[in-house]
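Q: Next come a sequence and a model predicted from it.
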Amino acid sequence: MQAVKMVVTGPFSAGKTQFISAVSEIDVVSTERRITSAAERVKETTTVAMDFGRITVGPDLVLYLFGTPGQRRFDFMWEILSEGMLGFIVLVDSTRPETFREAKRILETFESYASTPYVVAANKQDSEDAWDPEDLRIILRMKPDVKVLPCVALDKESVKNILLELLYSVLDRLDGAAQE
């Protein structure tokens with residue numbers, strides 16, 4: 001059985017915990033705590049260390065999903081959680097343009113940790129005011145080869161599609177390295 005570590009990261013309240021919960025075959029191990037600051041009341045709780053889930057992809061492949069905290073005060077966990085990852089997903093709330101700069105900063109931080117494949121997931125595509133993934137690509141100044149994919153973190157099939165796209169990118173990278 002091959003175990004693969006994937007990290008789900010992104011700004012505060014982008015939907016990382018929901019994303020992992022949508023597909024995890026185990027109860028998600030979560031370090032959610034109540035938010036006490038009125039300034040951060042976009043939601044009631046926040047991840048302070050990590051979320052952990054697991055999904056079996058096939059008879060010989062298991063994905064371990066590690067969700068990062070989104071708030072800067074907990075960013076010391078990012079490097080720890082990135083150790084050993086084979087790929088990562090940057091989840092962006094495509095209805096909140098005020099978080100796009102933070103998403104770009106997080107993406108650049110994770111790129112600096114490891115040269116691994118990643119995808120950008122444009123979350124909340126079921127919302128009327130969601131930015132189109134291609135518009136998000138432009139505003140985030142993504143390279144043409146980076147996949148910017150539509151996502152609804154509450155929808156299991158949507159989340160599976162994001163994970164499969166990342167897995168294909170990882171396998172392409174591994175195949176390329178094996179042929180060299």
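A: On my side now, so go ahead.
Q: for this protein, where's the lowest mean pLDDT among helices and strands?
A: When each helix and strand of the chain is scored by mean pLDDT, DSSP states H and E, strand 29-34 comes last, with a mean of 64.
Q: mind checking which helix or strand Met6 is in?
A: Assigned by DSSP states H and E, Met6 belongs to strand 2-9.
Q: What is that strand packed up against?
A: Applying 3 or more Cβ pairs under 8 Å, 6 or more residues apart in numbering; DSSP states H and E, we find strand 2-9 packed against helix 16-23, strand 61-67, helix 76-82, strand 87-93, helix 100-113, helix 156-179. Every residue, glycine included, has its C-beta placed from N, CA and C.
Q: ok, whatever helix or strand comes next after the fifth one: who's next to it in the sheet?
A: Moving toward the C-terminus from helix 100-113, the next helix or strand (DSSP H and E) is strand 118-123. The strands beside strand 118-123 in its sheet (DSSP bridges) come out as strand 87-93 (parallel), strand 147-150 (parallel).
Q: Which stretch among the ones you listed is buried most, on average?
A: A comparison of the strands paired with strand 118-123 by mean neighbour count, using mean count of other Cβ atoms under 10 Å, puts strand 87-93 on top with a mean of 27.
Q: circling back to that earlier point, point out the one among the strands paired with strand 118-123 that comes closest to Leu171.
A: Closest to Leu171 of the strands paired with strand 118-123 is strand 87-93 (Cβ to Cβ; 9.9 Å).
Q: Give me the contacts around that closest one.
A: Under the criterion Cβ atoms under 8 Å, 6 or more residues apart in numbering, residues 4, 6-11, 13-16, 19, 82, 99-100, 103, 106-107, 110, 116-124, 136, 140, 151, 153, 162-163, 166-167, 169-170 lie in contact with strand 87-93.
Q: Determine the angle, from 0 to 180 degrees, between that strand and helix 156-179.
A: Computed by axes from the mean of the first three to the mean of the last three Cα atoms, to 10 degrees, the angle separating strand 87-93 from helix 156-179 equals 150 degrees.
Q: chain center to strand 87-93, what's the gap?
A: Relative to its parent chain, strand 87-93 has a centroid offset of 3 Å by Cα atoms, centre = their mean, to the nearest Å.
Q: cool, and stretch 1-15?
A: With Cα atoms, centre = their mean as the basis, stretch 1-15 stands 5 Å off its chain's centre.
Q: Can I get that stretch in CSV? Just the C-alpha atoms.
A: Coordinates of each C-alpha in stretch 1-15 appear next as CSV, following Å, rounded to 0.1, in the frame of the first residue of the first chain:
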residue,chain,number,x,y,z
MET,A,1,0.0,0.0,0.0
GLN,A,2,1.4,3.4,-1.1
ALA,A,3,0.6,6.4,1.1
VAL,A,4,0.8,9.9,-0.4
LYS,A,5,0.8,13.1,1.6
MET,A,6,-1.2,16.0,0.2
VAL,A,7,-1.5,19.4,1.8
VAL,A,8,-4.6,21.6,1.5
THR,A,9,-3.8,25.2,2.2
GLY,A,10,-5.3,28.7,1.6
PRO,A,11,-6.5,31.8,3.4
PHE,A,12,-8.6,31.9,6.5
SER,A,13,-12.2,30.7,5.8
ALA,A,14,-11.4,29.5,2.2
GLY,A,15,-13.1,26.1,3.0
